[in-house]
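Chemist: just need the structure, nothing else, for what follows:
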Amino acid sequence: MQGRPGRIVALDLARTAALVAMASYHFGYDLEAFGYLPPGTMLSGWPAIYARVIASSFLFLVGVGLWLGHGAGVRWRAFGRRLAMILAGAAAVSLATRYAEGPYFVFFGILHSIALSSLIGLAFLRLPAGLTLIAALAAFLAPHYLRSALFDAPWLWWLGLTTGPVESVDYIPTLPWLAPVLAGIALAKIAAGRGVWRRLSGVGQGFSWLTWPGQHSLLVYLVHQPILVGLVWSYGWLTGQ
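Modeler: I've put the predicted structure just below:
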């Protein structure tokens with residue numbers, strides 16, 4: 001097992017790019033919510049595809065980060081601290097959206113999915129990359145083959161195997177969204193074996209000023225939406241529209 005690599009600027013830049021993409025999507029969602037875009041604009045067509053790409057990129061980077069941080073041995077204190085922060089963030093999102101969205105609140109969104117996928121991902125850190133990729137494919141295909149009325153009870157919706165629609169402003173169930181996390185773990189391991197992380201260690205140094213959001217992605221995730229909503233509301237108040 002190789003030693004744990006140092007912080008990789010290029011990876012922080014990738015997280016920053018994912019956050020910018022996420023904010024751009026949520027800005028469109030807020031414009032729709034305030035009536036500046038037609039209803040359903042952000043939930044169909046290319047915006048819906050855009051949202052899935054953004055969520056996949058976040059979860060893929062979670063898998064990469066999980067292997068880089070713990071592939072040489074799980075640092076339980078660091079892992080536990082990060083998991084506690086994510087769970088606290090997930091609880092805050094659930095409470096805030098329960099107040100703002102009522103029955104459409106976020107009961108299992110991206111943060112909930114990251115928390116559970118991180119725990120599941122620990123079991124794959126020492127497994128061969130090929131086997132992990134097979135598991136990623138199985139997770140991706142599971143909703144197509146295992147969907148059943150047996151999973152229609154609301155307390156099982158987090159699995160992603162229900163036969164009916166689930167109405168929530170952010171619903172990222174374990175299946176199929178475990179797939180990009182496992183793919184990230186596998187590809188990070190393959191990249192390490194080929195020396196990719198060592199070669200990337202100096203890439204992007206000239207843009208290190210852009211890494212702050214990527215290094216504090218949970219904080220950015222939690223505060224960006226209230227800021228965007230405030231901006232859209234302020235625009236409407238100032239212009240009377």
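Chemist: going forward, measure contacts and count neighbours with C-alpha atoms only.
Modeler: Fine.
Chemist: low-confidence regions, the protein specifically.
Modeler: 1-6, 204 (pLDDT under 70).
Chemist: contact partners of the one helix or strand A183 maps to?
Modeler: Assigned by DSSP states H and E, A183 falls within helix 174-193. Residues outside helix 174-193 that contact it (Cα atoms under 8 Å, 6 or more residues apart in numbering) are 56-57, 59-68, 113, 116-118, 121, 124-125, 128-130, 132-133, 135-143, 158-161, 197-198.
Chemist: try stretch 49-66
Modeler: In contact with stretch 49-66 (Cα under 8 Å, 6+ apart) are residues 15, 18, 21-22, 25, 110, 114, 118, 121-122, 177-178, 180-185, 187-188.
Chemist: picking that back up, what are the buried residues along whichever helix or strand comes after the helix holding A183?
Modeler: The first helix or strand that comes after helix 174-193 along the chain, using DSSP H and E, is helix 196-200. For helix 196-200, burial by neighbour count (16 or more other Cα atoms under 10 Å) applies to W197.
Chemist: elements contacting the very next helix or strand once past helix 196-200?
Modeler: Later in the chain than helix 196-200, the nearest helix or strand by DSSP H and E is helix 212-215. The contact analysis (3 or more Cα pairs under 8 Å, 6 or more residues apart in numbering; DSSP states H and E) places helix 212-215 against helix 9-33.
Chemist: for the closest residue to W197 other than its chain neighbours, give its distance to V64.
Modeler: Excluding the flanking residues, the one nearest W197 by Cα to Cα, 6 or more residues apart in numbering is A191, at 6.6 Å. Here the criterion is Cα to Cα, to the nearest Å. By it, A191 lies 10 Å from V64.
Chemist: which stretches in the chain count as strands?
Modeler: For the chain, strands defined by DSSP state E do not occur.
Chemist: and the helices in it?
Modeler: 9-33, 45-70, 76-101, 110-122, 129-146, 174-193, 196-200, 212-215, 217-239 (DSSP state H).
Chemist: out of those helices, the one nearest P165 is which?
Modeler: Closest to P165 of those is helix 129-146 (Cα to Cα; 12.8 Å).
Chemist: quick one: distance of the closest one to the chain centre.
Modeler: 18 Å (Cα atoms, centre = their mean, to the nearest Å).
Chemist: what's the PyMOL line that selects buried ones from the contacts of stretch 49-66?
Modeler: Here is the PyMOL command that selects the buried residues among the contacts of stretch 49-66 (16+ other Cα under 10 Å):
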select buried, resi 15+18+21+22+25+110+114+118+121+122+177+178+180+181+182+183+184+185+187+188
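Chemist: how many residues are close by L150?
Modeler: Neighbours of L150 under the rule other Cα atoms under 10 Å: 11.
Chemist: could you find the closest non-adjacent residue to it?
Modeler: Per Cα to Cα, 6+ apart, closest to L150 is T162, 7.7 Å.
Chemist: isn't that neighbour up against S148?
Modeler: Yes: contact criterion Cα atoms under 8 Å: T162 and S148 qualify, at 6.0 Å.
Chemist: in this structure T211 contacts V9, no?
Modeler: Yes: under the criterion of Cα under 8 Å, T211 makes contact with V9 at 6.9 Å.
Chemist: overlap of the contact sets of these two?
Modeler: Common neighbours of T211 and V9 (Cα under 8 Å, 6+ apart) do not exist.
Chemist: on that earlier part again, okay, T162 and S148: which has more neighbours?
Modeler: T162 (20 against 13).
Chemist: now the more buried one. Its backbone dihedrals?
Modeler: Here is the backbone geometry of T162 (degrees, to the nearest 10): phi -70, psi 150.
Chemist: who's in contact with it?
Modeler: By Cα under 8 Å, 6+ apart, the residues touching T162 are R147, S148, A149, L150, F151, D152, A153, L156.
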